[in-house]
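1. mind looking at a prediction? Sequence and model below.
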Amino acid sequence: MADQSIHIIGGGLAGSEAAWQIAQAGIPVVLHEMRGVRGTDAHKTTDLAELVCSNSFRSDDAEANAVGVLHAELRLGGSLVLKSADAHQVPAGSALAVDRDGFAAAVTKALEDHPLVTIVREEISGLPDESWGNCIIATGPLTAPGLAQAIAEITGTESLAFFDAIAPIVHFDSIDLDKAWFQSRYDKVGPGGNGKDYLNCPMDKPQYEAFIQALRDGEKTEFREWEGTPYFDGCLPIEVMAERGVETLRHGPMKPMGLTNSHQPDIKAYAVVQLRQDNALGTLYNMVGFQTKLKYAEQVRIFHMIPGLESADFARLGGLHRNTYLNSPQVLDSSLRLKARPSLRFAGQITGCEGYVESAAVGMMAGRFAVAEARGAEANLPPVTTAMGALLNHITGGHLSTDEEQGKRSFQPMNINFGLFPPIDAPTTEGKRLRGKEKTIAKRKAMAVRALADFQSWLKEPA
Ligand SMILES: Cc1cc2nc3c(=O)[nH]c(=O)nc-3n(C[C@H](O)[C@H](O)[C@H](O)COP(=O)(O)OP(=O)(O)OC[C@H]3O[C@@H](n4cnc5c(N)ncnc54)[C@H](O)[C@@H]3O)c2cc1C
């Protein structure tokens, strides 16, 4: 008789949450975790759901912060990860930070004690055979090489592990359009474009030179020893380019050629920072060629020097680290199953979300989808207006209509942020339209209220 259990590979944030959701729904789970037999370069213990770096789950404010909304949804969904985090909270202002050992021990104990969960300490070094039936792979950014290779082969990717050169992403509504202007270089009209595909921020010579100096002086994040992968000249961090010469960036990503400032057509910019639309909604723009390993606070300080970005609100800051993730919009279906082999479902950071909370949230969704399938039903996807639905939509490219479009899209891992939610009209106060920061705060609050209401309705639907 076929195995009735659902198998999960990887007992990190996502795998642990998925296991809990499935077991709580009354279905047996076998969780295969290699730590105890084989370690990773970042984990230090054999506990499930170990936090490899910071002990923070970030903001717990469900009215003003998208990750706070995700916390609230996880709590509503009966998350083991959030329940354990709440039980082991340490003071951290409005953030949810935890005692990491207490947190991981609580997750481990809850799963060890659950009568429907079996934990097997072993490395899975290839794709499981069909005898396992439906399986969830949640092996994270440090997936062991044997399995990573097998995943690369079935997804047709040469390699899944590489330096993840990330450029910052900015909320569109925080860009000063009195200074920045829309134009593609040489007004070039690409497929689906209109010659105005980029936002351009101009700099004069003194501004450019001050910017280069700030990049050179800015505090950088040190590379971790285990991050031995080389980076390519094509994606050098901007501060490395700035070190190579004052003019290097002006001949690279900041070149001013083919651009005319529509606000001041007679003044030729000395250098230009370009931003490109990053999501179909047009709410997010990424800084082209601006991958960086400057410390986060330094990025904010230095990028606020760019004319037009003085008040930029960053949806994601830049970074450079080794990562393993799928080109999910191309290879996964809407419920996180591998198109090439639908009995394999993916969860956690390997799907292209970023962060502990996001990984747990994708684990929760994968668990619930697997439960639906085990009961012979279709997976019920959370609405895109919820934080989970918005994250799922980003990962699976749900808003892109064709496989071709999904293949072309450059997919980058992402934390949850309000730019992934469908826009909402800003409420008015006593008939008066809000402006600036007040408007942004009101819009976010309205998105959060809508998200939680829609999430609660979704939970009431059959899983
Ligand atoms: C160095 C580093 C620092 C980070 N810092 C932060 C941070 O400060 N804040 C933050 O929010 N996020 C951080 N992240 C991202 C964080 O790791 C993820 O967000 C989160 O842990 C991902 O959850 P996951 O369940 O997908 O993967 P993980 O939590 O990594 O869990 C994957 C599990 O799979 C196991 N596994 C791997 N391969 C196999 C195999 N073949 N067989 C069996 N088991 C296997 C691993 O041992 C691991 O337990 C960091 C990542 C790295 C690499």
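-> Looks like it came in fine.
2. from now on I want contacts and neighbour counts done on CA atoms only, so please keep to that.
-> Fine.
3. what segments of the stretch 101-250 of the chain are helices?
-> Ranges of helices in the stretch 101-250 of the chain, per DSSP state H, counting those that start in this stretch, are 145-155, 205-217, 238-244.
4. out of the ones you listed, the one nearest the ligand is which?
-> Among the helices of the stretch 101-250 of the chain, the nearest to the ligand by CA to the nearest ligand atom is helix 145-155 (5.1 Å).
5. quick revisit: pick the most buried one from the helices of the stretch 101-250 of the chain.
-> Of all those, helix 238-244 has the most neighbours on average by mean count of other CA atoms under 10 Å, namely a mean of 19.
6. neighbouring strands for the following helix or strand past that one, and are they parallel or not?
-> Next in sequence after helix 238-244, counting helices and strands by DSSP states H and E, comes strand 271-277. When pairs are called by DSSP bridges, strand 271-277 turns out to pair with strand 198-203 (antiparallel), strand 284-287 (antiparallel).
7. ok, and what's touching the longest one?
-> The reference is to strand 198-203. Contacting residues not belonging to strand 198-203 are listed as 179-184, 261, 269-277, 306-309 [CA atoms under 8 Å, 6 or more residues apart in numbering].
8. near the ligand too, which of these?
-> Of the residues in the contacts of strand 198-203, proximity to the ligand by CA under 6 Å from any ligand atom holds for none.
9. near the ligand, which residues of the chain show up?
-> Contact residues (CA under 6 Å from any ligand atom) of the chain with the ligand: 9-15, 32-35, 42, 49, 52-54, 122-125, 138-144, 147, 348-350, 354-356, 359.
10. now those: which count as buried?
-> 9-15, 32-35, 49, 122-124, 138-144, 147, 348-350, 354-356, 359 (16 or more other CA atoms under 10 Å).
11. related to what we said a few turns ago, any chance of the helices of the stretch 101-250 of the chain in JSON lines, with mean pLDDT too?
-> Listed next are those as JSON lines, based on pLDDT from 0 to 100:
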{"stretch": "helix 145-155", "mean pLDDT": "92"}
{"stretch": "helix 205-217", "mean pLDDT": "97"}
{"stretch": "helix 238-244", "mean pLDDT": "93"}
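12. same list (the ones you listed) but as a markdown table, adding distance to G289.
-> Formatted as a markdown table, the helices of the stretch 101-250 of the chain follow (distance: least, CA to CA, whole Å):
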| stretch | distance to G289 |
| --- | --- |
| helix 145-155 | 26 |
| helix 205-217 | 14 |
| helix 238-244 | 8 |
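13. between those helices, which gets nearest to A95?
-> Nearest to A95, of all the helices of the stretch 101-250 of the chain, is helix 205-217, at 29.6 Å by CA to CA.
14. what sits against the closest residue to the ligand within the stretch 351-463 of the chain?
-> Taking CA to the nearest ligand atom as the measure, the stretch 351-463 of the chain has G355 as its residue closest to the ligand, at 3.1 Å. Counting by CA under 8 Å, 6+ apart, G355 makes contact with 349, 415.
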